[in-house]
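Enquirer: here you go, sequence then predicted model.
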Amino acid sequence: MTLSPAGPEHQVQTGDRTAPSVALRRRLGPDPAGRGRPAQRRGSGLPAPGRGLGSTGLAAAGDPSPRVRRPRRRQYYGCGLVIPECLENCWILDLGSGSGRDCYALSQLVGEKGHVTGIDMTEGQVEVAKKYMNYHMEKYGFRAPNVTFIYGYIEKLGEAGIKNESYDIVISNCVINLVPDKQRVLQEVYRVLKHGGELYFSDVYASLELPEEIRTHKILWGECLGGALYWKDLAILAQNVGFCPPRLVTANLITVQNKELESVIGDCRFVSATFRLFKLPMTGPTERCQVTYNGGITGHEKGLVFDANFTFKKGETVEVDEETAAILKNSRFAQDFLIRPIGEKLPTRGGCTALQAKDIITDPFQLAEESDHMKSRCPPDAAGGCCDTKKCCKNYN
C-alpha cells in the first residue's frame with residue numbers, strides 16, 4: 001500500500017486556519033477500533049512501545065532522576081522524560097501519569113511549595129504510583145507530600161475534579177496520540193491552565209493523513225503510531241481551542257524495521273516531537289521586542305533553548321516577534337527576561353496571529369532530518385526498542 005500526500009483540503013491555509021480538514025473531522029470522531037485509551041496499551045497484552053516494530057526514535061530524553069525508585073522506572077511507558085524549564089513552585093498536571101515516574105521526577109524540581117498531580121485512567125497504575133509516595137518524599141527531604149495521583153480520563157478532567165485555571169503547566173508523555181478526540185483533550189487542558197500557562201508535551205506525529213488501515217492496526221496502535229496526528233493538524237486544533245500556535249522544541253525520526261509492518265505503513269513517516277502550547281491572556285496590542293535573558297533559571301544559567309527557533313544566551317539581547325514577546329511577558333518566564341518594546345505595534349485579539357504561526361512553526365520532520373543529534377539511529381545489536389539507545393527500553397519497559 002502506498003499513501004499519497006494529503007490533498008489541498010488537508011493543508012493548513014494562511015487565510016482561514018480555524019476549520020479542521022475533512023479528514024481531521026473524521027478522526028475526531030469515535031475510535032473505530034475501540035482502542036483509544038492509554039490504559040489499553042498498558043493493560044491489554046500489547047507489547048511495550050518498540051517491542052513489535054523493531055523501531056527506533058521514540059524519544060530518549062535522558063535517564064530519569066536516580067532518586068526515582070527503580071520499579072517505577074521499569075514500568076514506564078512514555079517517550080522519555082518530559083520536563084520543561086523554570087519549575088520552582090509550579091503546579092503541574094501530568095496527563096496519563098502511569099506508574100508515576102515523571103511525577104516523582106517533577107515533584108523534586110517544583111519543590112515543597114509546588115505540586116504535581118498525575119491522572120491516569122487505569123486504577124491499577126494509580127495505585128502503583130501511590131505505593132512509593134513515602135519513599136520519594138523521604139528521599140527528597142520533604143515534610144509533606146507534594147504529589148497527588150487521581151483516577152480519570154484526560155479528555156474529562158472536570159469529572160476528575162480538576163478545576164478551571166488551577167495549573168501553571170500541563171505535561172503529557174506520548175499519551176494524547178492514544179485518545180481519539182484530541183481536540184477535547186486540548187480543550188480540557190486549556191480550561192485547567194492558568195493564563196500564561198503551558199502545555200509541554202511529547203508525542204508521535206505522522207507525515208500524512210493516516211488511512212483507516214493504519215489507524216485500526218492493533219500493533220501500530222499499541223506502538224503509538226496508529227493514533228498519530230498529521231503534524232499540520234496540530235496547529236489547527238491549537239488555534240480552535242485558543243492556544244498560541246505550537247512551538248516545536250525537539251524532533252526525532254522513528255524508523256520501522258519490520259518488513260510486514262513496513263508494507264502497511266507505506267510512504268508514511270513518523271516522528272517523535274516535543275511541542276509547547278501557551279495560553280495567553282486576552283490582552284491588547286502586542287509589539288516586537290528586544291529581550292535579554294538574565295540567567296536566572298536553575299540548570300540553564302548560561303543560556304535557555306526555548307524552542308527550535310529561539311535560543312537565549314545570558315546577557316545577550318535578541319529581537320523577537322510579537323508572539324514570542326507576548327509569551328515571555330505573560331508566562332512564568334517573565335521574571336527571567338528584560339523585555340523592551342521596539343515599536344511596530346500589531347493589534348490582535350489575544351497576542352497570537354495566523355501570520356506568526358506560519359513564521360514560527362517548524363516542520364518536525366525537517367528539524368529531525370537537519371539535526372545530527374536528532375537523526376534516527378538504531379543500535380547495531382538492537383532487537384527493537386522505543387528509544388535511541390538499547391539502555392532506555394531495557395531499563396523502563
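Expert: Cool, got the structure.
Enquirer: show me where pLDDT drops low in the stretch 151-300 of the chain?
Expert: Under the criterion pLDDT under 70, the flagged ranges of the stretch 151-300 of the chain are 284-285.
Enquirer: ranges for the helices of it?
Expert: Assigned by DSSP state H, counting those that start in this stretch, the stretch 151-300 of the chain shows helices spanning 182-192, 212-215, 218-222, 231-241, 259-265.
Enquirer: switch the ones you listed over to CSV; also include mean neighbour count and distance to Thr122.
Expert: The C-beta positions use only the backbone N, C-alpha and C, and glycine is treated the same way. Below are the helices of the stretch 151-300 of the chain laid out as CSV (neighbours: other CB atoms under 10 Å; distance: least, CB to CB, whole Å):
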stretch, mean neighbour count, distance to Thr122
helix 182-192, 21, 17
helix 212-215, 18, 22
helix 218-222, 20, 15
helix 231-241, 21, 25
helix 259-265, 14, 26
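Enquirer: name the nearest residue to Pro246, sequence neighbours excluded.
Expert: Leaving aside its chain neighbours, Pro246 sits nearest to Phe275 (4.5 Å; criterion: CB to CB, 6 or more residues apart in numbering).
Enquirer: OK, contacts around that neighbour?
Expert: Tyr200, Phe201, Asp203, Leu234, Pro246, Arg247, Leu248, Val249 (CB atoms under 8 Å, 6 or more residues apart in numbering).
Enquirer: so what's it bridging to?
Expert: Phe201, Leu248 (DSSP bridges).
Enquirer: contacting residues around Gly315?
Expert: Counted by CB under 8 Å, 6+ apart, Gly315 has contacts Thr292, Tyr293, Asn294, Gly295.
Enquirer: of these, closest to Ile219?
Expert: Within the contacts of Gly315, the smallest distance to Ile219 is 44.9 Å, found for Tyr293 (CB to CB).
Enquirer: and the residue lying closest to the closest one once chain neighbours are set aside, helix, strand or coil?
Expert: Spatial nearest neighbour of Tyr293, chain neighbours left out: Phe312 (3.9 Å); criterion: CB to CB, 6+ apart. Taken by DSSP: H, G, I helix; E, B strand; the rest coil, the conformation at Phe312 corresponds to strand.
Enquirer: quick check: bridge partners of Phe312?
Expert: Beta-bridge partners of Phe312, as defined by DSSP bridges: Leu304.
Enquirer: any idea how far it lies from Glu223?
Expert: 36 Å (CB to CB, to the nearest Å).
Enquirer: out of these two, which sits in the busier spot?
Expert: Glu223 (29 against 24; other CB atoms under 10 Å).
Enquirer: what's that one sitting at in phi/psi?
Expert: The phi and psi values for Glu223, taken as degrees, to the nearest 10, are phi -90, psi 10.
Enquirer: related to what we said a few turns ago, so the residue nearest to Tyr293 sits right up against His300, yeah?
Expert: No. The criterion here is CB atoms under 8 Å, and Phe312 misses it with His300 at 9.0 Å.
Enquirer: which stretches of the stretch 51-200 of the chain form strands?
Expert: Assigned by DSSP state E, counting those that start in this stretch, the strands in the stretch 51-200 of the chain fall at 55-56, 91-95, 115-120, 147-151, 167-173, 193-206.
Enquirer: what about the ones you listed, which gets the closest to Thr286?
Expert: Closest to Thr286 of the strands of the stretch 51-200 of the chain is strand 193-206 (CB to CB; 14.0 Å).
Enquirer: mind listing what's buried in that closest one?
Expert: Judged by neighbour count (16 or more other CB atoms under 10 Å), strand 193-206 contains these buried residues: 193-194, 196-206.
Enquirer: strands along the stretch 251-397 of the chain, start to end?
Expert: Using DSSP E, counting those that start in this stretch, strands in the stretch 251-397 of the chain cover 270-278, 286-293, 303-305, 311-313, 317-320, 337-346.
Enquirer: among those, which comes closest to Leu157?
Expert: Ranking the strands of the stretch 251-397 of the chain by proximity to Leu157 (CB to CB) places strand 270-278 first, at 15.7 Å.
Enquirer: what's the angle from that closest one to helix 231-241?
Expert: Note on geometry: by axes from the mean of the first three to the mean of the last three CA atoms, to 10 degrees, strand 270-278 and helix 231-241 are set 20 degrees apart in direction.
Enquirer: which stretches of the stretch 1-150 of the chain have low pLDDT?
Expert: In the stretch 1-150 of the chain, residues with pLDDT under 70: 1-81.
Enquirer: how does it look with 50?
Expert: The stretch 1-150 of the chain contains residues with pLDDT under 50 at 1-48, 51, 57, 59-66, 68-78.
Enquirer: coming back round to it: as JSON lines, the buried residues of strand 193-206 with distance to Ala326 would be great.
Expert: Listed next are the buried residues of strand 193-206 as JSON lines, based on distance: CB to CB, whole Å:
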{"residue": "Leu193", "distance to Ala326": "15"}
{"residue": "Lys194", "distance to Ala326": "15"}
{"residue": "Gly196", "distance to Ala326": "10"}
{"residue": "Gly197", "distance to Ala326": "14"}
{"residue": "Glu198", "distance to Ala326": "13"}
{"residue": "Leu199", "distance to Ala326": "16"}
{"residue": "Tyr200", "distance to Ala326": "18"}
{"residue": "Phe201", "distance to Ala326": "21"}
{"residue": "Ser202", "distance to Ala326": "24"}
{"residue": "Asp203", "distance to Ala326": "25"}
{"residue": "Val204", "distance to Ala326": "29"}
{"residue": "Tyr205", "distance to Ala326": "25"}
{"residue": "Ala206", "distance to Ala326": "30"}
